Structures are given as structure tokens and as C-alpha cells.
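Colleague: how would this look folded up:
(one chain, ligands or ions: 1)
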Amino acid sequence: MENVIEANNLTKSFGAFTAVNAISFHVKKGEIFGFLGANGAGKTTAMKMLIGISTPSSGAATVAGFDVFTEAESIKRNIGYMSQKFALYDDLTVKENITFFGGIYGLTRAAIKEKTQVLIDELNLENVANQHVGSLPLGWKQKISFSVALLHNPKIVFLDEPTGGVDPITRRQFWEMIYKAAHQGTTIFVTTHYMDEAEYCDRVSIMVNGKIEALDTPKNLKRTYEVDSMNDVFLKLARG
Ligand SMILES: Nc1ncnc2c1ncn2[C@@H]1O[C@H](COP(=O)(O)OP(=O)(O)OP(=O)(O)O)[C@@H](O)[C@H]1O
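Modeller: Numbering: from 1, shown residues only. Now for the predicted structure:
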């Protein structure tokens, strides 16, 4: 199966401090790859290198076939990105947000119009399509935001704590959307602090102090660390 992310000894230092220390891994097409680690482990720093907004100090990586050092602009065109911190514009309506981001992603007006309707139907947003996003519950915003990150049919979508602060039922619905996208061939690279979500991933990597300490399927990780849940795997590794 085709690798859509390949990282070899990828490293990022800030002065004398090494935030990401020679991490190596690959992610396959259509895979749901969980990227875990305690606060400050280096996840965001690693993700920034992979999405082409931070130049690595050393090592190598390709994302969607493009080199993170020399082809960052091509990477940006071939990925989707969603962060918990910045999702949508609160003071634009649902429709306006979709149109705005569709434009940024380079979709034609006709494509934006068509995608907007599909999205409104799929997410049952008919009644709120002309409401400001700021008036919607966080879970709705995150679902819309995920769909917006997929507007241009990216090969890979990077999700940085996409369900932070969202209730368990909405989180479950969000994960159904993730499964659907993965089933259609989109690769999902996701960071989360929720260990039930780690169980939903095909494979999970766990970062500790800038290094990947473990990387395997949830089933194999539980077997290796002789525990019953990803929560316990995480506690054994991340908390030492
Ligand atoms: N621009 C920077 N300059 C100096 N240090 C930085 C910079 N960015 C991140 N760091 C440091 O690198 C380390 C890793 O940070 P990073 O944000 O990647 O962690 P994280 O795993 O994403 O944590 P969280 O789960 O809290 O988001 C932290 O110690 C952080 O203070």
C-alpha cells in the first residue's frame, strides 16, 4: 500500500532545545493514524513540519509525495488541516464560511455551490445555513470545520485535537465522519488527548519528550504493554 507520509529522523530544535528528536514513521493511504503524546511532547511541532509551515532542523520527510524542505507549497495544496484553536470564522454564516474556504482552496464557483449544498444536506444544516457560525454549538462547528478541511478532496487531512471540549456523543459522530473519509481513501493524521479515540485509530504513535516511544495498532500496543486499554498504555509510556 502506498505511503502518503514518510518521515526519517525528522528533527526540530529551538536553540539548544530539541522539541522533535529524530522521529521516523510512515503513514499509508486511507489509514487513520493517531499521533499521541502528553502536553509538550512535540506533536504540534512535528505536525507543523509535516504540513509545510515549519522547516525541519534535520532529517527528511515527504507528505503526499512532496518534500517538506523544498515543496512545502505543493504539500499545502494537497492536504486539509483542522485545528481545535482555529476552525471557522464565527462572524460569517455557515454558507459564507464554506464559500470563503472553498475559495482559499481554489475551487471554482460552481464547485463551491455544489459542495455547499452537499455539505448542508449531509450535515442536516438546512435550518442554520444562514446563521452565524458563532451561534452554533462547538460540536457542530467542529463537524462543519472537518467537512471544510475536506472541501478540496485532499489526500491527507491533519486534525489537531479536533474534538477538544466536545461531548462524547458528538465526538462519536465526528469519528463516524472520520471513518467515512478514510474509507473513501483520505488519510487521517489525528492528535487527541482522548484515549477512547486512540482505540479507533488503525495505528497509534506515542511521543515522549520529542521521541516516538511506541508505534503500533492499539491491539498490539495493549498486548506489548500487557494492559487492557490505550489509556493504560499511554499512562505507562507518557507518564514514565
Ligand atoms: N517556537 C518555539 N520556540 C521554543 N520552544 C518551542 C517552540 N514551539 C514549541 N516549543 C517547545 O517545544 C516543546 C513541544 O511543544 P509542542 O507544542 O510541539 O508540544 P505538543 O506535544 O503539541 O503539546 P500540546 O499537547 O500541549 O499541544 C514544548 O516544550 C514547547 O515549549
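
Colleague: what helices or strands is the lowest-mean-pLDDT helix or strand in the chain leaning on?
Modeller: Between all helices and strands in the chain, the lowest mean by mean pLDDT, DSSP states H and E belongs to helix 138-149, at a mean of 89. Using 3 or more C-beta pairs under 8 Å, 6 or more residues apart in numbering; DSSP states H and E, the elements in contact with helix 138-149 are strand 79-83, helix 94-104, helix 109-122, strand 156-160, helix 168-183. C-beta here means a position set from N, CA and C on the backbone, and glycine is covered the same way.

Colleague: I'd like the average pLDDT over stretch 106-122.
Modeller: What stretch 106-122 shows for mean pLDDT is 91.

Colleague: tell me the buried residues in it?
Modeller: 107, 112, 115-116, 119-120 (16 or more other C-beta atoms under 10 Å).

Colleague: identify the bridge partners of the residue nearest the centre of the chain.
Modeller: Nearest to the centroid of the C-alpha atoms of the chain, with distances taken as C-alpha atoms, centre = their mean, sits Leu159, at 1.9 Å. Counting by DSSP bridges, Leu159 is bridged to Met82, Val190.

Colleague: now do the same contact list for it.
Modeller: 82, 146, 149, 178, 188-191 (C-beta atoms under 8 Å, 6 or more residues apart in numbering).

Colleague: ok, and which of these reach the ligand?
Modeller: Among these, none lies close to the ligand by the criterion of C-beta under 6 Å from any ligand atom.

Colleague: for this structure, what lies in contact range of the ligand?
Modeller: 14, 19, 37, 39-45.

Colleague: can you do 8 Å?
Modeller: Listed as neighbours of the ligand in the chain under the rule C-beta under 8 Å from any ligand atom: 14-15, 17, 19-20, 37-48, 160-161, 191, 193, 207, 210.

Colleague: which of the residues you listed fall in helices?
Modeller: Taking DSSP state H as the definition of helices, the residues of the chain next to the ligand contribute 43-48.

Colleague: in stretch 72-90, what's buried?
Modeller: 72, 75-76, 78-84, 87-88.

Colleague: nope, stretch 153-166 is what I meant
Modeller: 154-164, 166.

Colleague: may I ask which two of those are separated the most?
Modeller: The most widely separated members of the buried residues of stretch 153-166, counting by C-beta to C-beta, are Lys155 and Val166 (25.7 Å).

Colleague: any idea which of the buried residues of stretch 106-122 is closest to the ligand?
Modeller: Nearest to the ligand among the buried residues of stretch 106-122 is Leu119, at 28.6 Å by C-beta to the nearest ligand atom.

Colleague: hang on, that closest one packs against Leu125?
Modeller: Yes: between Leu119 and Leu125 there is a contact at 7.2 Å, judged by C-beta atoms under 8 Å.

Colleague: what count of nearby residues applies to Ile53?
Modeller: Counted with other C-beta atoms under 10 Å, residues neighbouring Ile53 total 13.

Colleague: who does the residue lying closest to Thr217 once chain neighbours are set aside bridge with?
Modeller: Spatial nearest neighbour of Thr217, chain neighbours left out: Arg203 (5.4 Å); criterion: C-beta to C-beta, 6 or more residues apart in numbering. For Arg203, the beta-bridge assignment (DSSP bridges) gives partners Phe33.

Colleague: near Arg203, how many other residues are there?
Modeller: For Arg203, using other C-beta under 10 Å, the count is 18.
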